[in-house]
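**Student:** let me see the structure of the following:
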Amino acid sequence: MTDLLAGLNPEQLRAVTWPAKSALVLAGAGSGKTRVLTTRIAWLLSTHQVQPSGVLAVTFTNKASREMQTRLSAMVPVRVHTMWIGTFHGLCNRFLRSHYRDAGLPQAFQILDSADQQAAIKRLLKSLQLSDEKFPPRAVQSFINGHKEAGVRAGQLPPPITPYEAKQIELYAAYDAQCQREGVVDFAELLLRSYELLSHNQALRQHYCSRFSHILVDEFQDTNRLQYAWLKLLAGEQGVLFAVGDDDQSIYGFRGAEVGNMRALLSDFGVSEPVRLEQNYRSMGHILNAANALIEQNDGRLGKNLWTDAGEGEKIRQYQAYSDSDEAEFIADEVRSLLRDGLNLSSMAILYRSNAQSRVLEHMLVKANIPYRIYGGLRFFERQEVKHALAYLRLIADPHSDIALLRVINIPTRGIGARTVENLQTVGQEQGVALWQAACTAGSGRTAAKLGEFVLLIERLRQRSQGLTLAETVSLAIDDSGLREMYQQDKKEGEERLENLDELINAASHFFPEDPEQALSEFLNAASLEGGEHQAEAGSDALQLMTVHAAKGLEFDAVFVSGLEEGLFPHENSLQDSKGLQEERRLMYVAVTRARQRLYLSHAQSRMLHGQSRYPIRSRFIDEIPTELIHNLSATVEQASPSAFRPSGTPRYQSISSDYQGFRIGQSVAHAKFGCGLVINAEGSKNDVRLQINFGEQGIKWLDLHYAKLELLS
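**Tutor:** So this is what the prediction gives:
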């Protein structure tokens, strides 16, 4: 027993040995909550306060569940795999398998994952002869799951206000009926069906209430309304609910998480005061002081103050960049510096609020030859919506691209099914022509008419793109193809996908081809190369890139928090809503507390958004950190006016007096084709020099001095 409790600090020991009554443990970031939770279970078992069968432990991920079981196996001599330890969905599945008859399910009921559920909804729409353009499957899925997670069936919803809402409710009821006929359940149904069964079957409820005398929950701040109601049912009148969580790290409100469940637990279970774990074993003092100062700005907190005995450490480094490209270049330079100091790439992470921000960062990392990996997501040019847009652009450049045509011939949905595509491929093979030609000569009939509409769409895109800039062409392809409208209707992931499409327009506006006549082709080639290069191999050392949401639960020696600007972080959707702004601040708190030793905060004075330069002000979150904790690395004055900005892409450290084969930044030059221009950037040395020149109406060009014939004007 002494060994079991050895090494616990006083607060951890108090939590682990808490009497047999309910408790709320406020576990700050890096305070050892997993150790406390598993040691609590081991202590209860070792002191014979409960049998293994009397423990119910709930986690939010399978990984956390496996880790808990592994730790328990090393601490106590019990067969942990027989215990009820798992996620909400996993435990509900186990419960329903044992009581499938009472739940009205077949013994071998199947579970639908997200993709299977979408496919089921598509079949339902087809059987009801409803257009999946008017009722996008993702939107229907979001409507159904949102109400299930709130514990509300279709028949319990209030009377609809609009015909569209009425049809959604009908679809919800029809979907439930279809699933019942087919003997399948989705993830949301697992919990709702379990809750309903426990609610309506008193004998079953009493059995489980008496069996599980100790219920322990990890990440309690992430529970939604139905999950908390399910826990209350299982705890009953006499059960003990031991919940561990951190209200300051509640960042999943958009998924239905209710941070208010923590206060509800205090009143519902008669807990007078939470146990606070405030000693941090991860971060240095300056980082923790910054996190504390930030989160103090939020109202309604249960309250705690992180501290460490590891020392203050280095100050937080802040950098104000001229542009988003300059910000990315600064981060790449600092990563190289940290590598020289002995840090591994895998111990460093770049965090951002929106996935779309990764594009500029990825581009600079590729340029700097720094291997990286997108954690929990795809690289920019591998994302579904970006690949769809690039496919349309390839068809504008060359309609004979079979790969591009196959990708988007029915995206957005236009009634061209798999059989039609197979027939088209057969015709193409028999006649030895590209699929485009086969589509152009499809003949007559309903199917041919659909193909004809697609052909006309591509032809219109090709005609309308004539004379447009590259960025305008990308925007045209996204809008006129229907991609933008399709993602606007996607309530679940649409906003993020639209941000990525807008970032593709930004990429085009920053792309300067060597041959303006071949701008689109060069852009597509560059996208292919950047999408395929530099992918770090599995297991190799690589810099980690991720959203702040994806970073929760992780930690790194060095962390870069980028894009700290009003409207970006905090996100513009939260600025008019105090509740949303507080969740954004909690998200920033999570970002800061990922860092062990060194933390960088960066923002840009100008940033490309929707293909246009914007001049944001820096995030309020930077200003909420005491200045004595910050070391400012910026060479610019605070928040300079837009007229004071240097051209995007100008090196930060390069002197304008640097000589490049007789040319310097800031000089005026003349070119036989492009006319007069101003040198704004340069790279290379000796006989391998390229100059970036602003030629006014002719645009900004990169020219190789080995080939370009330039005349010096000043």
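
**Student:** least confident secondary structure element in this structure?
**Tutor:** In the chain, the helix or strand scored least confidently by mean pLDDT, DSSP states H and E is strand 612-614, which has a mean of 73.

**Student:** starting at the chain centroid, how far to the helix or strand that that one is followed by?
**Tutor:** Going down the chain from strand 612-614, the next helix or strand is helix 620-623, by DSSP states H and E. In terms of CA atoms, centre = their mean, to the nearest Å, the centre of helix 620-623 is found 22 Å from the chain centre.

**Student:** now what about helix 620-623, what contacts it?
**Tutor:** 294, 318, 564, 566, 569, 570, 585, 588, 601, 603 (CB atoms under 8 Å, 6 or more residues apart in numbering). The way it works is simple: take the backbone N, C-alpha and C, and place the C-beta from them, glycine included.

**Student:** residue 706 contacts residue 690, correct?
**Tutor:** No: Residue 706 lies out of contact with residue 690 (CB atoms under 8 Å); the separation is 9.0 Å.

**Student:** so for the two, which sits in the more crowded spot?
**Tutor:** residue 690 (18 against 11; other CB atoms under 10 Å).

**Student:** element containing that one, please.
**Tutor:** strand 688-694.

**Student:** check which residues of that strand are buried.
**Tutor:** When burial is assessed from 16 or more other CB atoms under 10 Å, strand 688-694 yields the following buried residues: 689, 690, 691, 692, 693.

**Student:** okay, buried residues for the helix or strand just after that strand please.
**Tutor:** As assigned by DSSP H and E, the chain's next helix or strand after strand 688-694 is strand 700-704. Within strand 700-704, the residues scored as buried using 16+ other CB under 10 Å are 700, 701, 702, 703.

**Student:** of these, which one scores lowest on pLDDT?
**Tutor:** When the buried residues of strand 700-704 are sorted by pLDDT, the bottom entry is residue 700 at 73.

**Student:** show me where the stretch 51-200 of the chain has its strands.
**Tutor:** For the stretch 51-200 of the chain, the strands defined by DSSP state E, counting those that start in this stretch cover 55-59, 84-87, 110-112, 184-186.

**Student:** with distance to residue 437 added, can I get these in JSON lines?
**Tutor:** As requested, the strands of the stretch 51-200 of the chain are arranged in JSON lines below (distance: least, CB to CB, whole Å):
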{"stretch": "strand 55-59", "distance to residue 437": "56"}
{"stretch": "strand 84-87", "distance to residue 437": "52"}
{"stretch": "strand 110-112", "distance to residue 437": "40"}
{"stretch": "strand 184-186", "distance to residue 437": "43"}
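
**Student:** any idea how far residue 165 is from the residue lying closest to residue 173 once chain neighbours are set aside?
**Tutor:** Leaving aside its sequence neighbours, residue 173 sits nearest to residue 154 (CB to CB, 6 or more residues apart in numbering; 3.9 Å). To residue 165, residue 154 is 12 Å away according to CB to CB, to the nearest Å.

**Student:** neighbour count: those two, which is higher?
**Tutor:** residue 154 (19 against 14).

**Student:** verify the stated contact: that one with residue 177.
**Tutor:** No: taking contacts as CB under 8 Å, residue 154 lies outside contact range of residue 177: 9.5 Å.

**Student:** please save the CA atoms from stretch 274-287 in CSV.
**Tutor:** In CSV, the C-alpha atoms belonging to stretch 274-287 read as follows (Å, rounded to 0.1, in the frame of the first residue of the first chain):
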residue,chain,number,x,y,z
PRO,A,274,-13.7,20.3,-5.5
VAL,A,275,-10.3,18.8,-4.9
ARG,A,276,-7.8,20.9,-6.8
LEU,A,277,-4.6,19.5,-8.4
GLU,A,278,-2.6,22.6,-9.1
GLN,A,279,1.1,21.4,-9.1
ASN,A,280,2.2,21.1,-12.7
TYR,A,281,4.8,18.6,-13.8
ARG,A,282,5.1,19.7,-17.4
SER,A,283,5.8,23.4,-17.9
MET,A,284,8.2,26.0,-16.6
GLY,A,285,7.0,28.8,-14.4
HIS,A,286,6.7,31.6,-16.9
ILE,A,287,4.5,29.5,-19.2
